[in-house]
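Student: The following comprises the amino acid sequence and a computationally predicted model.
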Amino acid sequence: MIAEPSPLLHAALAVLGLAAAILDLRTRLLPDWLTLGGMAVGLVLGLAVGGWDGLVSAFVGMVAGLAVFWLLCSLGMMGGGDVLLMGAMGALLGWPMAVMGLVYSALVGALLGLAVSAARGNLLRVFRNLWAALSSIFRPKKPRVRLADLPTDELPYAVAIAIGSGWAALTAYVPAVALL
């Protein structure tokens, strides 16, 4: 079920990532036609390029992207459009490259988030918020603090997803850029 690298799938990933990043930067919204359409394209291209194995690889990659980012969304760390976009990117990357896309997207998102907060002079607040949310998990008698309820610097996360997923795809052609 391991997907072979496909320039066609990766070209579609690049187009989807660029479109999503531009839309997120401009409007702070990712439309369903783009994200759900990206998932459909990923599944169809997976089938076209790799047959049934390609379809299964795309489906498992899509589910992995959706599941992990849904957890982050449920914690208030990102919006639903980001979840759907990661599902689309997972479908286009296929299994197991979708895992690399998830890790690289999270890494890029963390670095971009820290850079944005530092540039706005809010880095200390970020660490205080993180401490408040994490420490509240271990205080069962007090209400849990959600990151979504704390003041934060918003980040158009589609940029991080596009860069991280593109990075994962690039590792198929330039193994030296792989961290995993």
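Tutor: Cool, got the structure.

Student: secondary structure element for residue 54?
Tutor: Per DSSP states H and E, residue 54 falls inside helix 32-74.

Student: same for that helix, what does it pack against?
Tutor: Using 3 or more CB pairs under 8 Å, 6 or more residues apart in numbering; DSSP states H and E, the elements in contact with helix 32-74 are helix 7-27, helix 80-93, helix 97-119. No exception for glycine: its C-beta is placed from N, CA and C like everyone else's.

Student: tell me the angle of the helix or strand of the chain with the lowest mean pLDDT relative to helix 97-119?
Tutor: One helix or strand of the chain scores below all others by mean pLDDT, DSSP states H and E: helix 123-137, with a mean of 77. Angle, helix 123-137 to helix 97-119, by axes from the mean of the first three to the mean of the last three CA atoms, to 10 degrees: 120 degrees.

Student: Just send the helices and strands packed on helix 32-74 back as a markdown table, with mean neighbour count too.
Tutor: A markdown table is the format used below for these (neighbours: other CB atoms under 10 Å):
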| stretch | mean neighbour count |
| --- | --- |
| helix 7-27 | 18 |
| helix 80-93 | 29 |
| helix 97-119 | 19 |
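
Student: Just checking the distance from the helix holding residue 54 to the centre of its chain.
Tutor: Offset of helix 32-74 from its chain centre (CA atoms, centre = their mean, to the nearest Å): 12 Å.

Student: Next, the most far-flung residue of the chain relative to its centre: secondary structure please.
Tutor: Farthest-out residue of the chain from its mean C-alpha position, per CA atoms, centre = their mean: residue 141, at 33.7 Å. Of the three states, residue 141 takes coil under DSSP: H, G, I helix; E, B strand; the rest coil.

Student: Report pLDDT for it.
Tutor: Looking at residue 141, its pLDDT reads 77.

Student: What's the separation between residue 167 and residue 103?
Tutor: According to CB to CB, to the nearest Å, residue 167 stands 10 Å off from residue 103.

Student: do residue 129 as well
Tutor: Distance of residue 129 to residue 103, computed by CB to CB: 23 Å.

Student: what does residue 171 give?
Tutor: Distance of residue 171 to residue 103, given as CB to CB: 11 Å.
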